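Chemist: Coordinates for the following, if possible.
(one chain, ligands or ions: 1)
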Amino acid sequence: MLDFYNWRRRNALAAEPNSAHRALARAQARLASMGGRLFLCTQNVDDLHERGGAEAVTHMHGALLRARCTGCGHGFACRGDILRADPCPGCARTGTLRPDIVWFGEMPMHLEAIDARLREADLFVAIGTSGSVYPAAGYVMQARSLGIRTCELNLEPSDNAVLFDEARYGPASGTVPAFLADLGLA
Ligand SMILES: [Zn+2]
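Modeler: So this is what the prediction gives:
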């Protein structure tokens, strides 16, 4: 299990942010300068949004570049491999470190904060998601019930496509910058 995530971490570090990551970061800064907020919540565990320039990214499935101790709960930034022999920086035990990400069957993180931000939103945009993994897949229904405008930007229609007010299909590197430009946030 650790080996698999060590491999994924190395791959994530080798990847580069694309034009969609960068456009979202610019839109976040632009909106903030106008007194608004772009709450960026991702199911991705890589740091491409952060390296694309985004601030305060909410990682609901955790972060590959963080580790935590199952013994004492200590969490910390971790860019290298996690090995069973590594001692926890918090409690010095060994064999207790794991990636700080959500494994199958575990609860996603930051659900209360996400719910609070959704309630104050006036636009909900789902980008590059299957629409089949809950609770994230349920947010469009929640947004609709709150009267929030909804938009899907995806390679192809998601399982939830009919629930969105608007949809644009194609690679995120094209649809995301174009959509944000239309909002005046490019
Ligand atoms: Zn510990």
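
Chemist: Report the buried residues of the lengthiest helix in the chain.
Modeler: Secondary structure of the chain per DSSP state H: the longest helix is helix 19-33. Buried residues in helix 19-33, counted by 16 or more other CB atoms under 10 Å: 20-28, 30-31. Where C-beta positions appear, they are placed from N, C-alpha and C, glycine not excepted.

Chemist: what's the closest of those to the ion?
Modeler: Distance to the ion, by CB to the ion, is smallest for residue 21 among the buried residues of helix 19-33, at 32.6 Å.

Chemist: pLDDT value on that closest one, please?
Modeler: Listed pLDDT for residue 21 reads 97.

Chemist: For beta bridges, what are the partners of the residue nearest the centre of the chain?
Modeler: Per CA atoms, centre = their mean, the C-alpha nearest to the average position across the chain is that of residue 42, at 1.3 Å. Beta-bridge pairing of residue 42 under DSSP bridges involves residue 59.

Chemist: Next up, the contacts around it.
Modeler: 49, 57-61 (CB atoms under 8 Å, 6 or more residues apart in numbering).

Chemist: Now for the nearest residue to residue 119 once chain neighbours are set aside: which residues touch it?
Modeler: Spatial nearest neighbour of residue 119, excluding adjacent residues (CB to CB, 6 or more residues apart in numbering): residue 146 at 6.4 Å. In this structure, residue 146 makes contact with 118-119, 121, judged by CB under 8 Å, 6+ apart.

Chemist: Having no further points to raise, I will conclude here.
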